[in-house]
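Asker: Pasting the sequence and the predicted coordinates here, then a few questions.
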Amino acid sequence: MKKRILALAAAAVVLAAFAGAADVTLDVKEHVLANGMKILMIPKPGVPRVVCHIYFKVGSINERPGITGSAHVHEHLMFKGTEVMGVTDYAAESKIDARIDELMGQIYRERFWKAGGDAAKIAAWQKEVDELVKAQKAYIIKDDLWTQYMKNGGTGLNASTSQETTGYYVTLPSNKVELQMLMESDRMMNARFREFYSEKDVIMEERRLSENRPGYFFGEQVQAAFYTASPYHWDVIGWMDDLRKMTKEDLVAFHNTYYVPNNAVAIYVGDFDPEATTAMAEKYFSRIPKGPDLEPIRTGVPAQYCEKRFYGEGPAPTSLQMMFHTPPDGDPDSQALSVLASTLGSGGGGFRGGMGGGGGTGRLYKSLVRDKQLAVNASASSRAQWYVGAFQFSATPRVDKGVKPEDLEKEIWAEIDKIKKDGLTEEELQKAKNRSEAMFIRSLGSSAGLASRVGRAELMRGWRSILTDLDDLKRITNDDIKRVAAKYFVKDNSLAAIYTRKMGR
Amino acid sequence: MKRTIIAILALTFLCAGLGLAQAKHPTELKYSALKYEPPDPRAFRVTYAGGLRAYVQEDRDLPLFNITAIVDCGDLYVPKDKTGLGSVLGDQLIKGGTTTREGAAIEERIDFLGGSLSFMVGERTSTLSLSVLAKDLDEGLAIFFDVLRNPAFREEPLMLAKARFVEQLRQANDQPGTVLSREYEKLLYGENALTRQPTKAAYEGVSASDLKAFHAKYFSPRNIILAVSGDFAKAALKTKIDKLAAGWKGGTVSFPALPKSFPAPEPGVYFVQKAINQGYISLGHLGLEDTNPDYFAVQVMNFILGGGSFTSRITTKVRSDEGLSYNQGSRFAYRWGLPGTFAGYVQTKSSTVGYAISLILAEFDRIRKEPVTEAEMETAINYYLESFADTFQSSQSTMMSFANLEMTGKPMDYYKTYRSKIQAVTKARVQEVAAEYIQPDKIVMMIVGDWEPCDKGGDKWAGPLERLGKVHRIALTDPMTGVEIK
């Protein structure tokens, strides 16, 4: 097995693929290290900057009840140093850190495992922890990795966790890519989760920021109701209870399982020499030992065999959402559903339209907003994720005219029935295809956007899926459209969420 | 020029990548030299028919065409009795159609081509932007100039837009962050064109003839600068644009006076009630203009104080040490021709509102009174120097930057001299500008949150909030009527 990977790597073939009539090339150079880590490179000569991203095939779907939010907490902790970064004397500091963990373990047991924990004991342990934290501070170099990146001209510095992937980002001057390889490989191997407990407080504040967005709680419940069984059930941020009770041990286990080179892709886009970059990647990322193979997610989406309806009220605008389960990314039906979303709810200006959106040229806008004047906005979107898919209609009623979400629901069903019967017009089909092609070409212009799209695609179906999906989309016929509409837009596969603004909050 | 740099780079990489041993710590890394000179705006400056100015770059990487018209026109020029006209114009320049094209037909056609056409009205500049595939350049450009020159502001789309804007007013007090920034600016700038909010009656009062008059007044070729990039030949493009701009005259534009004097709000706490579980906080006062010679020193100072994310003092103290917040820092915001604002900001759970504010105030005080460290200076200055080339990553945004320089009257060697001005900032200058532009005796603290738990405080900082200064309770206005909510 190992030998075969090596042979492939040695070939390091330059692979190019062509997309569409415009003959635009997406040229991705690939290199696979012996430990399974993939290095992708898209050279773009010009301004001497390089977008450097690393993606791990891990996100909130890899969690289970009790540790929800841990993929994201872990991402935060990856900035808290290693054995060489963020610390002046690792030997001395690690002893203090271990003692803090021990005491916090006692506090958690007393507080969370017992019905009436001993408050005096907790206070005494906490006092000791506070003193140790102070002592530890003497050895900590605050946000060392972040500072190193910034003083070397790092921009776009960030990390993010989604349901399926976790990414670490920086854009550096072309002569400093080695800094990224050194620090990223170091934290893959030697991450030490210092300041774990105060960082959890930060993340609880992050969750509160979401909670204070009007309509957030309702959205969280709708998602949980829509995905009853699969791990898409919870939000990436996790439930507050789990955040409160999460331990450092949970996260060390998480790190050791998922932050292995065979579960990672590094991608570079910008002004660099691929050969030198490959050599550098060999030097730094090859030193990380390969981990065990990882099992895909087990639980899919069971058939509903019933319609779900969800009602709520609160401080956000009155609205309607209709959701339908659709197949995951890569299914032959995905592209027809994309075309449908684009046609029903596409934008008439600006880039925000994407596949979906609520602008002036979508069928829903024309019918519900412009002609019948029943809605403030109306849109559709199709999202195929790795293990699940969802097609969603969203609309806001004209409250000033007494329109109710239920009225819009009837209207949308009428539009759906038209599609089931007649499909789309030739022009609508062509428009969706033109838009997809143009969007693809435009996506090649943004280095960071390209890194994100190619890097993430590589983790699941390979980066070439970006090109084959586009080809598949161009082959969609009206029969495909009618077929997928009939197959997925049925009540027993749906959830309707009706939200009403309650004034006075 | 470009080619030689690449060749040198490739060579140095080869040496760096293959020659050196694996480093254990960033301090062991040695980097090859990297010299970068920014492009010179003069090389891209073009004048088209009618005195229409432009910054134009051929970029053959992708078969795309991008053009943006930056118009010296914005919300600040809208007369008091026409408040709301700016937002409606932003929506209707395209949707309202032209004398020969329906708005819906324009949107439909652009969408069919896989292009995009959008218009935005800002404070003093508005932008019309088109992006199409290069094969559609002629058609796209014709539509672009038609929209720019001949908008018709048809009645039907206008009625629809007004209804939508009125509906959106219902949301004006929904988001705590929106309420905070609006009320903070109202407090610092007082009631004038900068802070005026449209009401239902204001939107309903905007007419097609108002829009036409406003457009006629400001959309004149000498009041517009274009930014253009993409897959075309410069000379051929000139012929096309000259033809489309031919006969476009427009009179001399006169601008209304900008607000000049601002109230001095009483220092202290200003509290807006909202039943949420955090306090959203901004504390500070008016700032400076970015044409001020102290601008560069202020940038470096603020990077160290709270602008340099995790390397900055406020983030280290409030987030990293204390775990009080996810988002915090300080910022100097700038406006063209007017003083901007200065603010420390944080969102934290109700019980730690007072504590977080006290920590930020302490950092304001420290940077005024003590010199910053050598290490802090090194990080801040190197950040600006080493990340400089980022500004020029895309041809279109580079052309936009140049057009904006000219529009706002900044020197055309702004980018050429940028790094030396950053480099000239010293520790002493940082402390001087901190003392001058952070004024503790003028600080207002705006909080949007739930009064009782915020006022009560917690273990590390017990309330009442009055400990921070006199407390003013602010009543929000009903966005529909503009009348205070009792």
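Answerer: Done, it's in.
Asker: from here on, contacts and neighbour counts on C-alpha atoms
Answerer: Will do.
Asker: end-to-end on stretch B:254-274?
Answerer: Length of stretch B:254-274, first residue to last, Cα to Cα, to the nearest Å: 43 Å.
Asker: Over to stretch A:311-329?
Answerer: Using Cα to Cα, one end of stretch A:311-329 lies 29 Å from the other.
Asker: where do the helices sit along the stretch 51-200 of chain B?
Answerer: Ranges of helices within the stretch 51-200 of chain B are B:85-95, B:103-112, B:137-149, B:155-169, B:176-189, B:200-205, based on DSSP state H, counting those that start in this stretch.
Asker: The fourth one versus helix B:103-112: what angle between them?
Answerer: Read that as helix B:155-169. 80 degrees (axes from the mean of the first three to the mean of the last three Cα atoms, to 10 degrees).
Asker: State the number of residues packed around B:Met159.
Answerer: If you count neighbours by other Cα atoms under 10 Å in any protein chain shown, B:Met159 ends up with 15.
Asker: oh, I was asking about A:Ile481
Answerer: Neighbour tally, A:Ile481, other Cα under 10 Å: 24.
Asker: who's in contact with it?
Answerer: A:336-337, A:340, A:419-420, A:423-424 (Cα atoms under 8 Å, 6 or more residues apart in numbering or on different chains).
Asker: again, but for A:Val490
Answerer: Counted by Cα under 8 Å, 6+ apart, A:Val490 has contacts A:Phe324.
Asker: Need the pLDDT of it.
Answerer: On the pLDDT scale, A:Val490 is placed at 98.
Asker: do A:Phe18 as well
Answerer: 37.
Asker: Give the burial count for the residue of the stretch 101-250 of chain B found nearest chain A, as a bare number.
Answerer: The nearest approach of the stretch 101-250 of chain B to chain A comes at B:Gly114, 3.9 Å away (Cα to the nearest Cα). Look at B:Gly114: counted by other Cα under 10 Å, it has 21 neighbours.
Asker: Could you do the one 4 residues further on as well?
Answerer: B:Ser118 is surrounded by 21 other residues when neighbours are defined as other Cα under 10 Å.
Asker: can you check B:Met412 too?
Answerer: B:Met412 has 15 nearby residues by other Cα under 10 Å.
Asker: got the contact list for it?
Answerer: Contacts of B:Met412 were listed using Cα under 8 Å, 6+ apart, and they are B:41, B:402, B:405-406.
Asker: tell me the domain boundaries of the chain?
Answerer: Because you didn't say which chain, this covers chain A. Listed domain ranges for chain A are A:2-83+A:141-285, A:88-139, A:308-501 (source: automatic domain parsing).
Asker: wait, I meant chain B there
Answerer: B:1-35, B:41-245, B:268-474.
Asker: send the alpha carbons of whichever strand or helix holds A:Gln223 over as PDB?
Answerer: Using DSSP states H and E, A:Gln223 falls within helix A:216-226. In PDB, the C-alpha atoms belonging to helix A:216-226 read as follows (Å, rounded to 0.1, in the frame of the first residue of the first chain):
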ATOM      1  CA  TYR A 216     -31.500  31.800  16.000                       C
ATOM      2  CA  PHE A 217     -33.200  29.500  18.600                       C
ATOM      3  CA  PHE A 218     -36.000  28.800  16.200                       C
ATOM      4  CA  GLY A 219     -33.500  28.000  13.400                       C
ATOM      5  CA  GLU A 220     -31.600  25.700  15.700                       C
ATOM      6  CA  GLN A 221     -34.700  23.800  16.600                       C
ATOM      7  CA  VAL A 222     -35.900  23.500  13.000                       C
ATOM      8  CA  GLN A 223     -32.600  22.000  12.000                       C
ATOM      9  CA  ALA A 224     -32.800  19.500  14.900                       C
ATOM     10  CA  ALA A 225     -36.300  18.600  13.900                       C
ATOM     11  CA  PHE A 226     -35.400  18.200  10.200                       C
END
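Asker: now it: mean pLDDT?
Answerer: 97.
Asker: Just give me the closest of the contacts of A:Ile481 to B:Leu187.
Answerer: A:Leu340 (47.9 Å; Cα to Cα).
Asker: Where among the domains of chain B is average confidence lowest?
Answerer: domain B:1-35 (a mean of 66).
Asker: tell me the most buried of the helices of the stretch 51-200 of chain B?
Answerer: Comparing the helices of the stretch 51-200 of chain B by mean neighbour count (mean count of other Cα atoms under 10 Å in any protein chain shown), helix B:85-95 ranks first with a mean of 24.
Asker: pLDDT below threshold where in chain A?
Answerer: Chain A contains residues with pLDDT under 70 at A:1-23, A:346-359, A:503-505.
Asker: which residues of it fall in strands?
Answerer: With DSSP state E, the ranges of strands along chain A come out as A:14-19, A:24-32, A:38-43, A:49-56, A:155-161, A:166-173, A:264-270, A:308-314, A:319-326, A:356-357, A:375-384, A:389-397, A:494-501.
Asker: nearest to chain B, of those strands?
Answerer: Closest to chain B of these, according to Cα to the nearest Cα: strand A:375-384, at 5.7 Å.
Asker: got the CA coordinates for that closest one in PDB?
Answerer: Extracted as PDB, the C-alpha positions of strand A:375-384 are listed here (Å, rounded to 0.1, in the frame of the first residue of the first chain):
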ATOM      1  CA  ALA A 375     -44.100  38.600  -0.300                       C
ATOM      2  CA  VAL A 376     -41.300  40.900   0.600                       C
ATOM      3  CA  ASN A 377     -38.900  38.200  -0.700                       C
ATOM      4  CA  ALA A 378     -39.000  34.700  -1.900                       C
ATOM      5  CA  SER A 379     -36.100  32.400  -2.600                       C
ATOM      6  CA  ALA A 380     -35.000  28.800  -3.100                       C
ATOM      7  CA  SER A 381     -31.700  27.000  -2.400                       C
ATOM      8  CA  SER A 382     -30.400  23.500  -2.800                       C
ATOM      9  CA  ARG A 383     -27.600  22.300  -0.600                       C
ATOM     10  CA  ALA A 384     -26.100  18.900  -1.100                       C
END
